[in-house]
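K.L.:
Sequence and predicted structure are below.
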Amino acid sequence: MNLRIMEKEDLPLIAEWANNPDFGGEYEPLEQISRKEVEKWYDNLGSEEKWFIIEKKDGGKIGQIFHAPRGPHFLIGYRLLPSERNKGYCTEAVRIIVDYLFLSKDIVRIQADANPRNIASQRVLEKAGFKKEGLIRKDVYVRGEWKDGILYSILRDEWKEPKILPKTTS
């Protein structure tokens with residue numbers, strides 16, 4: 001598995017994924033977005049918000065993961081094609097992002113949230129070292145109703161050292 005920064009050339013695929021209700025699955029809001037709207041979104045990304053394409057070793061694009069600042073900490077989120085779920089790709093991608101953020105940013109916390117019924121997403125976070133913090137009531141509007149979320153975080157003290165990326169020696 002490989003992560004690479006999302007490029008402008010990826011925007012048609014991002015628009016396709018955004019408009020596919022199966023890509024987000026039953027736990028994510030439905031989207032309808034034009035390629036022009038995706039391009040505008042891309043052009044307005046903040047300098048610290050980064051989106052990555054998750055690729056298999058053969059170069060096949062199977063999902064996306066992002067990190068974005070939220071005050072003094074960072075938020076991460078991810079999605080995979082349904083056919084590529086439950087194969088360890090998301091867990092590996094989350095571990096890489098966690099290593100990267102703790103090695104490159106002076107932060108003490110990274111957080112993510114998951115739908116309480118999305119057991120697979122919760123497992124990804126827990127395998128990557130995240131701890132469940134609590135319920136976020138009426139967190140996201142999904143398919144006609146407000147749904148709760150579960151807040152997860154990993155603290156620098158809990159992370160301790162890279163899990164995926166190699167440590168550098170001085």
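P.N.:
Yep, it's here.
K.L.:
What segments of this protein are strands?
P.N.:
With DSSP state E, the ranges of strands along the chain come out as 2-5, 50-55, 61-70, 73-80, 109-114, 131-142, 145-155.
K.L.:
possible to save those strands as JSON lines with mean neighbour count and distance to residue 27?
P.N.:
In this view, the C-beta of every residue, glycine as well, is placed from N, C-alpha and C. Below are the strands of the chain laid out as JSON lines (neighbours: other CB atoms under 10 Å; distance: least, CB to CB, whole Å):
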{"stretch": "strand 2-5", "mean neighbour count": "14", "distance to residue 27": "22"}
{"stretch": "strand 50-55", "mean neighbour count": "19", "distance to residue 27": "18"}
{"stretch": "strand 61-70", "mean neighbour count": "18", "distance to residue 27": "15"}
{"stretch": "strand 73-80", "mean neighbour count": "20", "distance to residue 27": "10"}
{"stretch": "strand 109-114", "mean neighbour count": "22", "distance to residue 27": "8"}
{"stretch": "strand 131-142", "mean neighbour count": "13", "distance to residue 27": "7"}
{"stretch": "strand 145-155", "mean neighbour count": "17", "distance to residue 27": "8"}
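K.L.:
need the ones you listed in TSV with distance to residue 120, can you?
P.N.:
Below are the strands of the chain laid out as TSV (distance: least, CB to CB, whole Å):
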stretch	distance to residue 120
strand 2-5	19
strand 50-55	15
strand 61-70	13
strand 73-80	9
strand 109-114	9
strand 131-142	15
strand 145-155	13
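K.L.:
May I see those organised as JSON lines, with mean pLDDT and distance to residue 92 added?
P.N.:
Converted to JSON lines, the strands of the chain look like this (pLDDT from 0 to 100; distance: least, CB to CB, whole Å):
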{"stretch": "strand 2-5", "mean pLDDT": "96", "distance to residue 92": "9"}
{"stretch": "strand 50-55", "mean pLDDT": "97", "distance to residue 92": "9"}
{"stretch": "strand 61-70", "mean pLDDT": "96", "distance to residue 92": "10"}
{"stretch": "strand 73-80", "mean pLDDT": "96", "distance to residue 92": "11"}
{"stretch": "strand 109-114", "mean pLDDT": "97", "distance to residue 92": "15"}
{"stretch": "strand 131-142", "mean pLDDT": "95", "distance to residue 92": "19"}
{"stretch": "strand 145-155", "mean pLDDT": "96", "distance to residue 92": "15"}
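K.L.:
what about the longest helix seen in the chain, distance to the chain center?
P.N.:
As assigned by DSSP state H, the longest helix anywhere in the chain is helix 89-104. From the chain centre to the centre of helix 89-104 is a distance of 10 Å (CA atoms, centre = their mean, to the nearest Å).
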